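Q: need a 3D model of the sequence below.
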Amino acid sequence: MDQSVAIQETLAEGEYCPQAVQGVLCEGDSRQSRLLGLVRYRLEHGGQEHALFLYTHRRMAITGDDVSLDQIVPVSRDFTLEEVSPDGELYILGSDVTIQLDTAELSLVFQLPFGSQTRMFLHEVARACPGFDPTTRDPEFLWLSRYRCAKPELELPTPRGCNSAPGTWPGYATIGGGRYPSRKERWGLEEVRPQGAGSVLFWGGAMEKTGFRLMERLEEADREMSAAAGSRERDPAGGSNFDGLRPNGKGLPVDQSSRGQDKPESLRPRQNKSKSEITGMVRSSTITVSDKAHILSMQKFGLRDTIVKSHLVQKEEDYTYIQNFRFFVGTYNVNGQSPKECLRPWLSDGVQAPDVYCVGFQELDLSKEAFFFHDTPKEEEWFKAVSEGLHPDAKYAKVKLIRLVGIMLLLYVKQEHAAYVSEVEAETVGTGIMGRMGNKGGVAIRFQFHNTSICVVNSHLAAHIEEYERRNQDYKDICSRMQFCQLDPSRPPLTISKHDVILWLGDLNYRIEELDVEKVKKLIEEKDFQTLYAYDQLKIQVAAKTVFEGFTEGELTFQPTYKYDTGSDDWDTSEKCRAPAWCDRILWKGKNITQLSYQSHMALKTSDHKPVSSVFDIGVRVVNDELYRKTLEEIVRSLDKMENANIPSVSLSKREFCFQNVKYMQLKVESFTIHNGQVPCHFEFINKPDEESYCKQWLNANPSRGFLLPDSDIEIELELFVNKTTATKLNSGEDKIEDILVLHLDRGKDYFLSVSGNYLPSCFGSPIHTLCYMREPILDLPLETISELTLMPIRTGDDGSQLESPMEIPKELWMMVDYLYRNAVQQEDLFQQPGLRSEFEHVRDCLDTGMIDNLSASNHSVAEALLLFLESLPEPVICYSAYHNCLECSGNYTASKQVISTLPTFYKNVFHYLMAFLQELLKNSAKNHLDENILASIFGSLLLRNPAGHQKLDMTEKKKAQEFIHQFLCNPL
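A: Here you go, the predicted structure:
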């Protein structure tokens with residue numbers, strides 16, 4: 001997930017966050033999660049300055065409301081960022097990367113996740129460093145003054161130049177201890193550098209890295225190729241030379257202008273490990289044998305090397321062979337329990353130690369804190385239990401851990417295989433209410449094992465026997481939204497389907513249908529699993545090709561794994577008496593995969609589920625070094641003969657695109673094909689003059705850039721999606737479905753594509769006071785009227801002197817609340833379980849056309865539509881102007897009511913109407929299981945939003961906002 005979007009929402013005009021990464025701040029024994037964002041500011045004279053913004057957060061940062069600014073570190077001349085290896089600690093490929101940040105007055109240590117997101121972040125930070133050119137003006141960071149705290153007791157020194165910039169910008173709010181002392185002050189300069197291999201030091205935009213054994217081998221291969229094929233020198237227009245492109249023989253591209261004696265002696269990296277010590281380690285940033293076909297795709301390598309990589313992929317069979325490796329795949333829904341028993345009966349059941357472990361959990365933590373926030377102590381407990389339960393006959397390295405609320409996935413490999421794992425990425429997709437809550441969804445880890453790409457997905461899909469369509473939608477959402485960054489940022493993200501091997505595990509929650517509980521139990525007692533399997537929802541849905549198309553599942557020879565009384569092997573004896581079901585499943589997709597076992601493990605009784613495991617032999621493509629060298633040589637020789645002076649040219653199957661009747665939050669897609677001529681080329685959609693993006697916010701091209709070999713094709717999809725950000729201006733007529741895209745060819749011409757269409761106005765994205773004056777459905781009104789009402793100022797709506805008599809609240813809001821009041825006051829998990837997308841679209845259409853009698857949807861779909869409606873309001877129910885007053889009087893109910901009384905009439909009416917409805921829900925809490933805290937958390941961030949363009953709320957403000965709403969839920973209105 002790209003969390004720079006959340007940071008961008010907190011920034012002022014002129015500030016931009018190109019890269020962000022989530023990490024852990026390490027200070028002694030303390031470990032605190034931080035979101036690090038590189039922020040760029042363009043100066044009026046044309047230059048730019050950078051600073052690192054450090055944020056605290058309590059859940060995955062999706063919007064600016066999820067983060068709180070903690071600290072700012074200007075990227076000044078004395079700023080250094082170094083990758084370090086703590087003394088005595090051996091880092092394994094895929095482990096977290098430890099970096100040290102130093103300025104004149106500051107020293108911080110962070111652990112960042114292994115993967116391309118961290119690589120790109122560090123690369124951007126390196127480029128941001130101002131360097132040591134004395135002719136370059138010193139950074140002043142005057143733009144950071146807006147972030148100063150209003151604390152008169154603090155002494156705020158003014159910004160200074162080189163070697164005197166403060167470690168953290170003075171006057172910022174610092175949470176949890178504030179400024180950290182410099183290590184240079186604590187231990188002295190000679191002791192500050194860990195004596196470890198593989199450190200990376202950034203200064204003035206340059207990067208250096210100690211040697212890696214593969215790069216030495218690659219250098220040797222390049223030298224042999226140079227001797228055989230002659231000089232590879234090229235000018236920039238004609239390609240590049242391998243020596244210049246090689247990452248300095250040390251793993252990362254180097255700015256040649258920063259090399260050599262120009263560096264101050266004190267800033268050169270210490271390299272006091274012997275070569276044997278260095279090459280004996282497996283480092284987190286090592287480029288391994290399996291990376292040979294991928295190293296040439298790094299961004300700085302240019303067109304020629306992209307061609308080399310493409311040819312290497314095409315000729316993969318010429319230099320690889322298939323070798324089987326044993327994979328253990330396990331899934332366990334632990335029902336919020338802590339580990340109470342040894343996991344070896346599940347994890348170490350086989351005689352042979354697996355080469356790779358993929359272990360997934362669901363419902364790791366069922367507490368409200370885990371649901372609304374991100375932290376849980378259960379992660380460490382179960383990680384430790386798994387590590388202790390791995391096969392005793394082998395030593396394993398943890399490659400990656402990824403968690404979304406209660407869904408966790410762990411990946412281990414035998415230590416001897418760690419050097420052949422690369423390109424490790426992990427992502428999460430929440431499919432809970434409004435697509436934000438992570439109580440349901442999926443997590444995934446993708447990696448390259450030798451030369452085979454593997455993706456492991458752990459998912460927890462929607463519950464309840466009747467919700468199979470919701471489960472189908474969850475699966476499709478995970479497939480479409482799970483995207484992994486590539487090493488080369490010019491290439492589009494990888495989806496799950498773009499892997500050689502896919503392993504999918506989890507609590508998929510598909511049930512047994514059409515049979516009563518006693519019949520199911522009777523078939524289980526008779527071990528007639530084949531008859532029972534005919535009624536399995538997953539089997540039925542796969543046969544209908546609605547989910548898991550192309551996947552395979554082994555034969556179910558074990559009894560259903562759900563639902564048991566905790567601590568026993570007895571079926572559910574609770575009041576609900578759930579029917580047994582095979583909820584916990586493992587499926588796979590790909591070639592050269594043999595399933596050796598598929599079983600449950602009845603010995604474990606911690607949960608109401610039983611764990612499931614499957615063991616596979618998977619054929620992986622392994623590189624033959626000698627054949628690889630020969631193949632690479634042949635490709636380079638053939639490229640030497642290629643004439644690159646020709647101008648690239650492509651043909652487009654279509655250049656005009658019309659999107660008819662676009663609706664709110666309904667994706668529309670138009671596609672076209674680019675056919676390349678005889679010259680390899682890069683293509684990219686580029687910004688038009690004076691525009692910040694290549695297209696308007698409601699449009700996206702997928703992929704927006706790429707590479708084409710001669711006489712090849714690629715399909716481009718233009719995706720149009722209107723959301724809360726863009727709907728209001730389309731409603732008002734300030735924006736239209738009109739745009740021009742510019743498709744640029746590197747060293748070639750530009751092609752222009754026109755986009756047009758029409759948007760159907762919606763109540764979603766319309767202001768409250770506007771809707772109160774719309775007595776007719778919005779789609780029955782002329783566009784001119786809609787525009788006039790949408791642009792009407794809030795206070796004008798109060799006098800209504802020249803307007804038709806308004807309604808007290810929007811009729812659309814009344815329709816949804818009335819439906820829920822009549823049908824859903826006792827609905828379990830209301831506002832916590834998402835609805836169906838198709839039903840949301842039906843609700844939207846009923847509201848926009850006024851066809852309330854046709855409204856037929858599940859309670860959860862209507863409830864989610866209500867939340868989306870409130871989220872889409874351009875001015876929240878509690879107006880931005882009242883925001884700070886609400887926080888100040890939080891905890892004082894009399895003062896809080898006074899603030900609400902000052903709201904414009906329509907907004908005040910809506911607030912009281914919603915509070916009365918929520919109080920009715922709380923009267924039925926015994927049935928719907930809602931409480932004041934849940935509702936205050938959900939509605940607090942929707943009704944009380946920080947003013948647009950201002951810094952987003954920190955955790956204290958969030959608590960106050962929830963407390964403000966909480967008062968109205970617990971007291972008479």
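Q: quick check: closest non-adjacent residue to Leu944.
A: Leaving aside its sequence neighbours, Leu944 sits nearest to Ala961 (CB to CB, 6 or more residues apart in numbering; 4.5 Å). C-betas here are computed from N, CA, C, even on glycine.
Q: typo on my end, Thr495
A: Leaving aside its chain neighbours, Thr495 sits nearest to Gln483 (5.9 Å; criterion: CB to CB, 6+ apart).
Q: span of stretch 681-699 from start to end?
A: The separation between the terminal residues of stretch 681-699, taken as CA to CA, to the nearest Å, is 24 Å.
Q: kindly report the same for stretch 928-937.
A: End-to-end distance of stretch 928-937: 16 Å, with CA to CA as the criterion.
Q: what sits up against that stretch?
A: With CB atoms under 8 Å, 6 or more residues apart in numbering as the contact definition, stretch 928-937 has outside contacts at 368, 372, 824-832, 918, 921-922, 924-925, 962-963, 965-966, 969-970.
Q: which among the residues you listed count as buried?
A: 372, 824-825, 827, 829-832, 918, 921-922, 962-963, 965-966, 969 (16 or more other CB atoms under 10 Å).
Q: could you find the lowest-pLDDT member of those residues?
A: Within these, the minimum per-residue pLDDT falls on Phe372 (57).
Q: run a quick neighbour tally on Ile307.
A: Using other CB atoms under 10 Å, Ile307 is surrounded by 21 other residues.
Q: can you tell me the element it falls in?
A: Using DSSP states H and E, Ile307 falls within helix 302-314.
Q: the stretch 251-400 of the chain: strands as residue ranges?
A: Counting by DSSP state E, counting those that start in this stretch, the stretch 251-400 of the chain has these strands, from start to end: 320-333, 356-362, 396-404.
Q: what's the most buried one of those?
A: Compared across these, strand 356-362 shows the largest average neighbour count, a mean of 28 (mean count of other CB atoms under 10 Å).
Q: how far is stretch 40-58 from where the chain is centred?
A: With CA atoms, centre = their mean, to the nearest Å as the basis, stretch 40-58 stands 22 Å off its chain's centre.
Q: that older thread, out of the buried ones among the contacts of stretch 928-937, which is nearest to Val910?
A: If you rank the buried ones among the contacts of stretch 928-937 by distance to Val910 using CB to CB, Leu918 comes first, at 12.5 Å.
Q: for the stretch 701-850 of the chain, what are the low-confidence residue spans?
A: Low-confidence regions of the stretch 701-850 of the chain, defined here as pLDDT under 70, cover residues 795-804.
Q: now the strands: where do they sit in it?
A: Residue ranges of the strands in the stretch 701-850 of the chain, as given by DSSP E, counting those that start in this stretch, are 705-708, 713-720, 738-745, 750-759.
Q: okay, those, which one's buried deepest?
A: Between the strands of the stretch 701-850 of the chain, the one whose residues have the most neighbours on average, counting mean count of other CB under 10 Å, is strand 705-708 (a mean of 20).
Q: residues touching it, excluding its own?
A: Contact partners of strand 705-708, identified using CB under 8 Å, 6+ apart, comprise 303, 306, 310, 490-492, 650, 674, 676, 680-685, 714.
Q: pull the most distant pair out of those residues.
A: Using CB to CB, the pair of the contacts of strand 705-708 lying farthest apart is Ser310 and Phe685, separated by 20.9 Å.
Q: other SSEs contacting the helix holding Ile307?
A: helix 625-640, strand 681-686, strand 705-708 (3 or more CB pairs under 8 Å, 6 or more residues apart in numbering; DSSP states H and E).
Q: out of the ones you listed, the one nearest Val899 is which?
A: Judged by CB to CB, the one of the helices and strands packed on helix 302-314 that comes nearest to Val899 is strand 681-686, at 47.1 Å.
Q: and the closest one, which residues are buried?
A: By neighbour count with 16+ other CB under 10 Å, strand 681-686 contains the buried residues 681-685.
Q: what's the answer for stretch 378-396, then?
A: In terms of neighbour count (16+ other CB under 10 Å), stretch 378-396 has its buried residues at 378-379, 381-383, 385-387, 389-391, 394, 396.
Q: for that stretch, what is the distance to the chain centroid?
A: Relative to its parent chain, stretch 378-396 has a centroid offset of 26 Å by CA atoms, centre = their mean.
Q: list the contacts of that stretch.
A: Applying CB under 8 Å, 6+ apart, the set of residues contacting stretch 378-396 from outside is 334, 336, 338-339, 342-344, 346-348, 350, 353-354, 357, 359, 361, 364-365, 370, 398, 401, 403, 406, 408, 410, 412-415.
Q: follow-up on the earlier one: please convert the buried residues of strand 681-686 to TSV, extending it with pLDDT and distance to Val67.
A: Formatted as TSV, the buried residues of strand 681-686 follow (pLDDT from 0 to 100; distance: CB to CB, whole Å):
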residue	pLDDT	distance to Val67
Cys681	87	40
His682	88	35
Phe683	93	35
Glu684	93	31
Phe685	95	30
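Q: domains in this protein, by residue range?
A: Segmentation of the chain into domains, based on the TED database, reads 3-130, 318-625, 650-759, 807-970.
Q: how about those domains, which one is nearest Asp138?
A: Closest of the domains of the chain to Asp138 is domain 3-130, at 6.9 Å (criterion: CB to CB).
Q: what is the mean pLDDT for the closest one?
A: Rounded to a whole number, the mean pLDDT of domain 3-130 is 82.
Q: from start to finish, how long is it in a straight line?
A: End-to-end distance of domain 3-130 (CA to CA): 25 Å.
Q: ok now it, how far from the chain's centre?
A: Between the centre of domain 3-130 and the centre of its host chain there is 16 Å, according to CA atoms, centre = their mean.
Q: correct me, but Trp143 touches Tyr16?
A: No. Under the criterion of CB atoms under 8 Å, Trp143 lies out of contact with Tyr16, with a separation of 11.8 Å.
Q: can you list the domains of the chain in CSV and add distance to Ile635?
A: Written out in CSV, the entries for these read as follows (distance: least, CB to CB, whole Å):
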stretch, distance to Ile635
domain 3-130, 24
domain 318-625, 10
domain 650-759, 12
domain 807-970, 46
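Q: to Leu789, which of those domains lies closest?
A: Leu789 lies closest, by CB to CB, to one member of these: domain 650-759, at 8.8 Å.
Q: distance-wise, check Ile524 relative to Ala534.
A: With distances taken as CB to CB, to the nearest Å, Ile524 is found 14 Å from Ala534.
Q: settle it for me: which of those two has more neighbours?
A: The residue with more neighbours, out of Ile524 and Ala534 and counting by other CB under 10 Å, is Ile524; that gives 16 against 11.
Q: and the more buried one, that one's in a strand?
A: No. Assessed by DSSP: H, G, I helix; E, B strand; the rest coil, Ile524 does not belong to a strand; its assignment is helix.
Q: what's the neighbour count on the closest residue to it other than its chain neighbours?
A: Leaving aside its sequence neighbours, Ile524 sits nearest to Gln559 (CB to CB, 6+ apart; 5.1 Å). The number of residues packed near Gln559 is 19, by other CB under 10 Å.
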